[in-house]
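Colleague: Generate a structure from the sequence data that follows.
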Amino acid sequence: MSHLVFTYGTLQNGQPFHELMTKSEKGHATFVGKAKTVEKWPLVVATKFNIPFVLDKPGVGHHILGEVYRVDEEMLHFLDELENTYQRICITVTMETVVNKADTSGKSNSAIQECYFYALQNYKDELLDLTFNEKYDAYGNPNHAHVPLEKVDMSIEDLKDYMNKSVKQ
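Modeller: Numbers count the residues shown, from 1 in each chain. Purely as a prediction, here's the structure:
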């Protein structure tokens, strides 16, 4: 069984953790195309590590630009573990470009797709005071400059604990 997943942050092509989407030992992910959320969402960049978060507050913010991938069960399970700070939610996106039209829910020309993405629930209210973004680019926007893990000097588990403490209520 496969699933569509919408990525909007560091897992996108050309972003710091994109290789996690393409490593075969984590499961399989195939790029479907670029998309935009049908509903508006608040995409913020927060913490001293400039981590992108979509806050679970539909109707606020912008239509978010990102990428859709078709993933297998193993990759979906890996993403659930990786994104454990977030909640996996089903959303609707409009496909803007499609690499393989047969890869969009079995429909040859479907512009609207339902897929999963990860949003932050139970967040600190002050995150709603941050600037809402339409897209995330760790390298093209100086305000979103990516902080490499080797400069963070902490393990992934410590980083997840830090994120939970700094952004969740």
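
Colleague: mind saving the C-alpha coords of stretch 61-71 as CSV?
Modeller: Only the C-alpha atoms of stretch 61-71 are listed here, as CSV (Å, rounded to 0.1, in the frame of the first residue of the first chain):
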residue,chain,number,x,y,z
GLY,A,61,-1.7,31.9,7.2
HIS,A,62,-1.1,31.1,3.6
HIS,A,63,-1.6,28.4,1.0
ILE,A,64,1.7,26.5,1.5
LEU,A,65,3.9,25.5,-1.4
GLY,A,66,5.6,22.1,-1.2
GLU,A,67,6.2,18.8,-2.7
VAL,A,68,4.1,15.5,-2.9
TYR,A,69,5.8,12.1,-2.6
ARG,A,70,4.2,8.7,-2.9
VAL,A,71,5.6,6.6,0.0
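
Colleague: which residues does the nearest residue to K40 once chain neighbours are set aside contact?
Modeller: The shortest distance from K40 to any non-neighbouring residue, by Cβ to Cβ, 6 or more residues apart in numbering, is to G61 (5.0 Å). Just so you know, the C-beta spots here come from the backbone N, C-alpha and C atoms, and that holds for glycine as well. Residues counted as contacts of G61 (Cβ atoms under 8 Å, 6 or more residues apart in numbering) are K40, W41, P42, L43, L55, F132.

Colleague: what two of those residues are the furthest from one another?
Modeller: Within those, K40 and L55 form the most distant pair, 11.3 Å apart (Cβ to Cβ).

Colleague: Name the residue in these two with the higher neighbour count.
Modeller: L55 (23 against 16; other Cβ atoms under 10 Å).
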